[in-house]
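J.: Sequence and predicted structure below; questions after.
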Amino acid sequence: MIRSVPANPYDSVYCIRLSHAAVHAAMSGRTEVIVGRWRRRFVHVPITMAISHRSQVDPAGDLWLSVLEATGQPVRFC
């Protein structure tokens, strides 16, 4: 995730809950999974499912332009 602002207390709580879910997955014997959040719950996602589709960002779209604007990056890299 690309962030343009310093971490806040919410980020800290999110990270600790994410790490607890990852440790729980490991201690329960689940392998080849990643932990993510879906519909306000932490879930175990098989790695093969997580990498089966690659998301792409349109470099001419609003999302990428807002990232460039927020981070102060130039539109083109030399």
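T.: Arrived safely.
J.: ok, residue 57 to residue 29 distance?
T.: According to C-beta to C-beta, to the nearest Å, residue 57 stands 36 Å off from residue 29. C-beta coordinates here come from the backbone N, C-alpha and C atoms, glycine included.
J.: Please enumerate the helices of this structure.
T.: If DSSP state H is used as the criterion, the helices of the chain fall at 9-27, 47-50, 62-71.
J.: Serialize these to CSV and add fields for mean neighbour count.
T.: Putting these into CSV (neighbours: other C-beta atoms under 10 Å) gives the following:
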stretch, mean neighbour count
helix 9-27, 12
helix 47-50, 10
helix 62-71, 11
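J.: of all those, which lies closest to residue 37?
T.: Taking C-beta to C-beta, helix 9-27 is the member of the helices of the chain nearest to residue 37, at 7.5 Å.
J.: Show me what the closest one is packed up against.
T.: If contacts are counted by 3 or more C-beta pairs under 8 Å, 6 or more residues apart in numbering; DSSP states H and E, helix 9-27 sits against strand 33-38, strand 41-46.
J.: I'd like those strands written out as CSV, with distance to residue 8, mean pLDDT and mean neighbour count added.
T.: Converted to CSV, these look like this (distance: least, C-beta to C-beta, whole Å; pLDDT from 0 to 100; neighbours: other C-beta atoms under 10 Å):
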stretch, distance to residue 8, mean pLDDT, mean neighbour count
strand 33-38, 17, 92, 14
strand 41-46, 20, 94, 13
